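J.: give me a 3D structure for the following:
(4 chains)
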2 protein chains.
Amino acid sequence: MESQVEHYELTHADPDSVELPAVLAALAEPARLKIVRTVAAYGGDGGMACLTVWDKSGLTASKSTMSHHYKVLREAGLVVMWWVGSKKHVRLRREVVDARWPGLLDAVLTDRTAD
Amino acid sequence: MESQVEHYELTHADPDSVELPAVLAALAEPARLKIVRTVAAYGGDGGMACLTVWDKSGLTASKSTMSHHYKVLREAGLVVMWWVGSKKHVRLRREVVDARWPGLLDAVLTDRTAD
DNA sequence: CCTCGAGTTCGATAACCGTCGTACAGTTCG
DNA sequence: CGAACTGTACGACGGTTATCGAACTCGAGG
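T.: Predicted coordinates:
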């Protein structure tokens, strides 16, 4: 229950404290992989609203399940989230992830076999 | 069959039928990641004996656990194994993995933060 | 002030997975 | 042959995790 009053100061994982297995485990879950791919495809550098992710991804998970997945992605250092009014937005941390594991995100995102 | 000892390949996963989440899940387990890194570091293109992997990796898992990890790596299409006498050898399937997910193995193997 | 929409948290449940010991199968070598 | 070595198959146990509904918080907009 991070403060919804502040719009930009949500707590996120310290990138340097995240281990590679945690990142891989986060991406290994099909629903989370779908989220990441959707954010990359539609969000660009500015990110997008979580609700839009839900629409575009075609995922059917419940609100609580989605919230759980976002939490895992956040703790793996893969995404940043912030509030815009009553809606939450999400963005990939490309700079951070690319700096630490060059090529990893590209490899995952360019998978032509994913639906 | 150039020597007295019989070398024969075992059945492995069809690379095209493996999904990305399965590969990521295989690599997300610290012990398996260690195995892959050890094979990459010491095995080169020719692979190495599983027992040598055990020595070099410093893993302390039991025989059955190691066997299980190898099975997961095999089913994920990440390694090939074959018999050399009474000892089993293992080799990374770099060509196959690199062809399907370019940069993925490199990204995982060049992680400087792994012990 | 009150209602609706967007998300989080909690508790419960079911499935998955890593681990091990034991039993078993094949190879090597004395 | 038989003992030692190498690895797999099978059950069992315990911990992790994905999933959901319900209750809750907070903001937006009548």
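
J.: in chain A, where is pLDDT below threshold?
T.: In the predicted model of chain A, residues A:1-11, A:115 satisfy pLDDT under 70.

J.: B:R91 versus A:L59, what's the distance?
T.: Distance of A:L59 to B:R91, given as C-beta to C-beta, to the nearest Å: 38 Å. All C-beta atoms are positioned from the backbone trio N, CA, C, and that covers glycine.

J.: can you show me the strands along chain A?
T.: Ranges of strands within chain A are A:48-49, A:79-84, A:87-92, based on DSSP state E.

J.: let me have these in CSV, extended by mean neighbour count and distance to B:V72.
T.: Putting these into CSV (neighbours: other C-beta atoms under 10 Å in any protein chain shown; distance: least, C-beta to C-beta, whole Å) gives the following:
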stretch, mean neighbour count, distance to B:V72
strand A:48-49, 16, 35
strand A:79-84, 17, 27
strand A:87-92, 18, 28
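
J.: nearest to DNA strand D, of those?
T.: Comparing the strands of chain A against DNA strand D with C-beta to the nearest atom of the strand, the closest turns out to be strand A:79-84 (7.3 Å).

J.: give me the most central residue, chain A.
T.: A:V79 (3.8 Å; C-alpha atoms, centre = their mean).

J.: any chance of the strands of chain A in TSV, plus distance to DNA strand D?
T.: Shown next, in TSV, are the strands of chain A (distance: least, C-beta to the nearest atom of the strand, whole Å):
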stretch	distance to DNA strand D
strand A:48-49	13
strand A:79-84	7
strand A:87-92	8
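
J.: now do the same contact list for the residue nearest to the centre of chain A.
T.: A:V36, A:V39, A:Y70, A:L73, A:V90, A:R91, A:L92, A:R93 (C-beta atoms under 8 Å, 6 or more residues apart in numbering or on different chains).

J.: so the fifth one versus A:G47, what's the distance?
T.: What it means is A:V90. Applying C-beta to C-beta to A:V90 and A:G47 gives a distance of 6 Å.

J.: same question, the second one
T.: A:V39 is 7 Å from A:G47, where distance means C-beta to C-beta.

J.: joint contacts of those two?
T.: In contact with both A:V39 and A:G47: A:V90, A:R91, A:L92, using C-beta under 8 Å, 6+ apart.
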